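[1] I'd like to go over a predicted model; first the sequence, then the structure.
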Amino acid sequence: MARDNSGIRYASIILFSSKLLSLITGLLFTIMITRNLSSEEFGVWGNISDLLAYFTLMGSVIPSWSLRFLLEDM
């Protein structure tokens, strides 16, 4: 008795294609925006994105409950 996995296969193809389309449109948007920035503005936005990446990385490393207990003592 064979199981029909065609629904799972099509769902996987749709999920993969939507992620790929999202990646392509994100890259196109980034290229369109950066072509219109001056080199100073590009540097400022690059630094802002780096800082944002550092804080979001630390936000996933440090649990929220530990920050809550730390801020209660202040």
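    Noted; the coordinates are in hand.

[2] give me the domain ranges for the chain.
    Annotated domains of the chain cover 1-36, 38-74 [automatic domain parsing].

[3] what's the pLDDT at the most centrally placed residue in the chain?
    The residue lying closest to the centre of the chain (CA atoms, centre = their mean) is residue 53, at 9.5 Å. At residue 53, the pLDDT value in this model is 85.

[4] what of residue 28?
    Residue 28 is given a pLDDT of 94.

[5] burial measure for it, as a count.
    By other CB atoms under 10 Å, 10 other residues sit near residue 28. Using the backbone N, CA and C atoms, a C-beta is placed for each residue, glycine as well.

[6] where's it, which helix or strand?
    Secondary structure assignment for residue 28, by DSSP states H and E: helix 6-35.

[7] show residues contacting the helix or strand following that helix.
    Per DSSP H and E, the first helix or strand lying C-terminal to helix 6-35 is helix 39-61. Applying CB atoms under 8 Å, 6 or more residues apart in numbering, the contact partners of helix 39-61 are 34, 37.

[8] roughly how far is helix 39-61 from the heart of the chain?
    12 Å (CA atoms, centre = their mean, to the nearest Å).

[9] and it with helix 6-35, angle?
    Angle, helix 39-61 to helix 6-35, by axes from the mean of the first three to the mean of the last three CA atoms, to 10 degrees: 140 degrees.
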